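sequence first, then the predicted structure:
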Amino acid sequence: MHEIGGALHIMFFIDAHNEKPKPCKWVKPADEILAVVGRFCLKANAPGEGEEV
């Protein structure tokens, strides 16, 4: 029951946000953005402590 309420809350948030959407504004060059994404992917895919490689 709690999960349904959470899902409805998210749906209401999305609906309200979409009434007045704002465009995404790129403020850095693509090379810098891709470098940040690449570093994140390396960290996200790295094995955690205690995990076998």
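Looks like it arrived, so ask away.

what's downstream of the helix or strand where residue 10 lies, the next helix or strand?
Using DSSP states H and E, residue 10 sits within helix 2-19. As assigned by DSSP H and E, the chain's next helix or strand after helix 2-19 is helix 30-45.

what is the mean pLDDT for that next one?
Taken as a whole, helix 30-45 has an average pLDDT of 94.

which strands and helices lie in contact with that helix?
When contacts are defined as 3 or more C-beta pairs under 8 Å, 6 or more residues apart in numbering; DSSP states H and E, helix 30-45 packs onto no helix or strand at all. From N, CA and C alone the C-beta is placed, and that goes for glycine too.

please work out which residues outside that helix touch it.
residue 26 (C-beta atoms under 8 Å, 6 or more residues apart in numbering).

list the buried residues for it?
Buried positions in helix 30-45, judged by neighbour count with 16 or more other C-beta atoms under 10 Å: none.

quick thing: my sequence starts at 3, can you match it?
Got it, the first residue is 3 from now on, which makes the last one we talked about helix 32-47.

how far does that helix sit from its chain's centre?
Average the C-alpha atoms of helix 32-47, do the same for its chain, and the two points are 13 Å apart (C-alpha atoms, centre = their mean, to the nearest Å).

stretch 6-23 now?
On C-alpha atoms, centre = their mean, the centre of stretch 6-23 falls 16 Å from the chain's centre.

picking that back up, put the alpha carbons of the helix holding residue 12 into PDB.
Output of helix 4-21 as PDB, limited to C-alpha atoms (Å, rounded to 0.1, in the frame of the first residue of the first chain):
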ATOM      1  CA  HIS A   4       2.900   2.400   0.900                       C
ATOM      2  CA  GLU A   5       4.500   1.700  -2.500                       C
ATOM      3  CA  ILE A   6       1.300   2.700  -4.300                       C
ATOM      4  CA  GLY A   7       1.100   6.000  -2.400                       C
ATOM      5  CA  GLY A   8       4.800   6.700  -3.300                       C
ATOM      6  CA  ALA A   9       4.200   6.000  -7.000                       C
ATOM      7  CA  LEU A  10       1.200   8.300  -7.000                       C
ATOM      8  CA  HIS A  11       3.200  11.100  -5.300                       C
ATOM      9  CA  ILE A  12       5.800  10.700  -8.100                       C
ATOM     10  CA  MET A  13       3.200  10.800 -10.800                       C
ATOM     11  CA  PHE A  14       1.700  14.000  -9.300                       C
ATOM     12  CA  PHE A  15       5.100  15.600  -9.100                       C
ATOM     13  CA  ILE A  16       5.900  14.800 -12.800                       C
ATOM     14  CA  ASP A  17       2.500  16.100 -13.900                       C
ATOM     15  CA  ALA A  18       3.000  19.300 -12.000                       C
ATOM     16  CA  HIS A  19       6.500  19.700 -13.300                       C
ATOM     17  CA  ASN A  20       5.400  19.100 -16.900                       C
ATOM     18  CA  GLU A  21       2.900  21.900 -16.700                       C
END
